[in-house]
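Trainee: A predicted structure for the sequence below; I have some questions about it.
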Amino acid sequence: FEVFCFDELNRVDMAANMQDFDGLMKRMLCPENETRSEAEKQYEQIPIPTKGRLLFQLFLDAAVDTETRSMCLVLLRRILSSNWDDLW
């Protein structure tokens, strides 16, 4: 029987979320319309504060490809300019 502290579980969940979010960003960059449209629908379902956090964290990850990191900045700029109050 293993006991995990909350911080360890939180880090595991966060890593899984970041992997999922990275995949979502890659699908949003996909040239296939159907794939991209489905990814955009999934992205729109994420609450704004969560989107902001995930976009910024993914941008900071140097292991993520430049195209995805650039996409994160574009989307984060949109949130900051149009949903500032919802972000906080």
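Mentor: On my side now, so go ahead. Residues are numbered from 1 along each chain as shown.
Trainee: Does Pro49 touch Asp86 like I think?
Mentor: Yes - the criterion here is CB atoms under 8 Å, and Pro49 meets it with Asp86 at 7.3 Å. The C-beta positions use only the backbone N, C-alpha and C, and glycine is treated the same way.
Trainee: My guess is Leu73 contacts Phe59. True?
Mentor: Yes - the criterion here is CB under 8 Å, and Leu73 meets it with Phe59 at 5.8 Å.
Trainee: So which of these two has more stuff around it?
Mentor: Using other CB atoms under 10 Å as the criterion, Leu73 and Phe59 rank with Phe59 on top: 18 against 13.
Trainee: State the helix or strand in which that one lies.
Mentor: According to DSSP states H and E, Phe59 maps onto helix 48-60.
Trainee: now what about that helix, what contacts it?
Mentor: Contacts to helix 48-60, defined as CB atoms under 8 Å, 6 or more residues apart in numbering, come from residues 17-18, 21-22, 25, 43, 46, 64, 68-69, 72-73, 75-76, 79-80, 83, 86-88.
Trainee: Kindly export it (C-alpha atoms) in CSV.
Mentor: Written as CSV, here are the backbone C-alpha positions of helix 48-60 (Å, rounded to 0.1, in the frame of the first residue of the first chain):
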residue,chain,number,x,y,z
ILE,A,48,-10.4,30.5,-19.6
PRO,A,49,-8.3,30.4,-16.4
THR,A,50,-7.2,26.9,-17.2
LYS,A,51,-6.4,27.7,-20.8
GLY,A,52,-4.3,30.6,-19.7
ARG,A,53,-2.3,28.5,-17.3
LEU,A,54,-1.8,25.6,-19.7
LEU,A,55,-0.8,27.9,-22.6
PHE,A,56,1.8,29.7,-20.5
GLN,A,57,3.2,26.5,-19.0
LEU,A,58,3.4,24.8,-22.4
PHE,A,59,5.1,27.9,-23.8
LEU,A,60,7.7,27.8,-21.0
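Trainee: helix or strand right after that helix?
Mentor: Next helix or strand after helix 48-60 toward the C-terminus (DSSP H and E): helix 66-82.
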